[in-house]
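1. here is a sequence together with a model predicted from it:
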Amino acid sequence: MADSLAHRLAHENDLLVLPHRSPEELLNGPPGPRADTAIIDASSTSEIWPRLVELLAGANDTRVVLLSDVDDAGEALVAARQGVGAWLPSRTRAHEIADAIRAVAAGHTLYPSDLLGPVLDGLREDVRLASSARVDDGPLADLTEREREVLGCLIDGAQSGEIARELDMAPNTVRTHTNRIFRKLGAHSRLEAVRIARHAGLIPRSDSHPSGRGPSSINLSSRTDER
């Protein structure tokens, strides 16, 4: 399949196809010429494709297009975490693979629509956990959970009345929590408190909510195959 695909892609005027290298050559052989984008057939590389992705994307900064017949959200999440640019069915036509290569080279990421939701949910959870870890070790460590919720609303730009309604508390209680937040952070204004919180890794509530925009560090777009 590799030779056939390489022959087909070689006819694309804007693509330069480098010689195919086997998984063993990539893992054990000397470094070859660096490719801007690599295509990995996950179906034929079984459980070692994450190592290949790590080698190519991590060490060589190569963008990766992964071909796989496995419709598994867990594996797709592993791929997204490693920076795989496109997850395509193995049956994808050569001209569609060429289009995916161009899209990945332009900074886009392509995943099947049925895997997109679970992948985004997993990445959001990664962001939430990473944010919590930074918060626990940083200047926000002394804040109570309720104070962190209030501070999250402040980051979102909510006013006291909106915070009271959102968190179901009295306006005076909101002011009390806000004053305690300022005191614990050594801040003298809402703007300064928000700056300290963002620098410490606390993300807006809207970014961690399932209906929010999701992490800005990845731009996922769905891809459907019509045949």
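-> Everything's here; your move.
2. thought residue 50 was touching residue 82?
-> Yes - using Cβ atoms under 8 Å, residue 50 makes contact with residue 82 at a distance of 6.4 Å. For every residue, glycine as well, the C-beta is placed using N, CA and C.
3. which of the residues in the regular element (helix or strand) spanning residue 8 are buried?
-> Secondary structure from DSSP states H and E places residue 8 in helix 2-9. Under the neighbour-count criterion of 16 or more other Cβ atoms under 10 Å, helix 2-9 has 5, 9 buried.
4. what's the answer for stretch 88-102, then?
-> Those would be 88, 92, 96, 97, 98, 99, 100, 101, for stretch 88-102 by 16+ other Cβ under 10 Å.
5. from one end of it to the other, what's the distance?
-> 14 Å (Cα to Cα, to the nearest Å).
6. can you pull out the helices in this protein?
-> All helices of the chain, identified by DSSP state H, fall at 2-9, 23-28, 42-45, 49-53, 73-81, 94-105, 113-137, 145-155, 160-167, 171-185, 190-200, 205-208.
7. what residue of this protein is the furthest out?
-> Ranked by distance from the centre of the chain (Cα atoms, centre = their mean), the top residue is residue 172, with 39.2 Å.
8. report pLDDT for it.
-> If you check residue 172, the pLDDT there is 91.
9. just residue 205 next, same as before
-> pLDDT recorded at residue 205 is 62.
10. now render the buried residues of stretch 88-102 as JSON lines, adding pLDDT.
-> Formatted as JSON lines, those follow (pLDDT from 0 to 100):
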{"residue": "88", "pLDDT": "93"}
{"residue": "92", "pLDDT": "91"}
{"residue": "96", "pLDDT": "93"}
{"residue": "97", "pLDDT": "93"}
{"residue": "98", "pLDDT": "93"}
{"residue": "99", "pLDDT": "94"}
{"residue": "100", "pLDDT": "93"}
{"residue": "101", "pLDDT": "93"}
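11. which one of those is nearest to residue 118?
-> Using Cβ to Cβ, residue 88 comes nearest to residue 118 of the buried residues of stretch 88-102, at 17.1 Å.
12. and that closest one, what does it touch?
-> For residue 88, the contact set (Cβ atoms under 8 Å, 6 or more residues apart in numbering) comprises 65, 66, 67, 68, 96, 97, 100, 110, 223.
13. give me that answer again for 6 Å
-> Shown in contact with residue 88 (Cβ atoms under 6 Å, 6 or more residues apart in numbering): 67, 100.
14. quick one: it and residue 57, what's the gap?
-> 16 Å (Cβ to Cβ, to the nearest Å).
15. what does residue 123 give?
-> 16 Å.
16. next one: residue 200
-> 29 Å.
17. cool, and residue 120?
-> Applying Cβ to Cβ, the value for residue 120 to residue 57 is 20 Å.
18. got it, and residue 94?
-> 23 Å.
19. again with residue 104
-> From residue 104 to residue 57 the distance is 11 Å (Cβ to Cβ).
20. do the same with residue 111
-> 16 Å.
21. what does residue 98 give?
-> 20 Å.
22. just residue 189 next, same as before
-> 42 Å.
23. could you do residue 19 as well?
-> 20 Å.
24. which one's more surrounded, the two?
-> A side-by-side neighbour count of residue 19 and residue 57, using other Cβ atoms under 10 Å, places residue 57 first with 18 against 9.
25. pLDDT below threshold where in the chain?
-> The chain contains residues with pLDDT under 70 at 58-60, 130-137, 203-227.
26. domain parsing for it?
-> The record's domain parsing of the chain by automatic domain parsing lists 2-114+218-223, 141-201.
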